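Asker: pasting the sequence and the predicted model now:
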Amino acid sequence: MGKKLLIIDDNEQDRKIMKRFLAKAGFEDIIIAETGELGVEKAACEKPDIIVLDTLLPGISGFEACRRIREASGPDKPKIIIMTGNVDAIDAVEARKAGADDYCVKTSDHTPLLEAAKKLL
């Protein structure tokens, strides 16, 4: 695919599983950040095409990280997919308000994440 992807998630196992799944799907350049703050920094310097962002992070939330990335992005803003383990309609609304392009519920099946990423490219 040749697109750069940034995963921002504090759960090491989730990061590894997502990275493996997305790499098998053809994403070759995958960057990792463990906190919202680090994710905002990496988004600014690495310029990923897509960001997969967890909502519950140490420090700033995924929603706040999304807002900061949007504010700092120029015309080539990345596509942002917010993921959460909470099956709550309020999170989906909050994700849109924060500037996310898509929203997925975090489950063991990463197919919806892959579909969202492909749709946004």
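Answerer: Perfect, thanks for sending it.
Asker: what sits opposite Y103 in the beta ladder?
Answerer: I82 (DSSP bridges).
Asker: buried set for stretch 83-102?
Answerer: M83, T84, D91, A92, E94, A95, A98, G99, A100, D101, D102 (16 or more other C-beta atoms under 10 Å). For the C-beta atoms, the positions are set from N, CA and C on the backbone; glycine is no exception.
Asker: redo those residues as CSV? Include secondary structure, pLDDT and distance to D49.
Answerer: As requested, the buried residues of stretch 83-102 are exported to CSV (DSSP: H, G, I helix; E, B strand; the rest coil; pLDDT from 0 to 100; distance: C-beta to C-beta, whole Å):
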residue, secondary structure, pLDDT, distance to D49
M83, strand, 91, 17
T84, strand, 83, 22
D91, helix, 77, 24
A92, helix, 81, 23
E94, helix, 88, 23
A95, helix, 90, 19
A98, helix, 93, 19
G99, coil, 93, 16
A100, coil, 94, 15
D101, coil, 94, 11
D102, strand, 92, 14
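Asker: name the nearest of the residues you listed relative to A43.
Answerer: Relative to A43, the closest of the buried residues of stretch 83-102 is G99; by C-beta to C-beta it sits at 12.1 Å.
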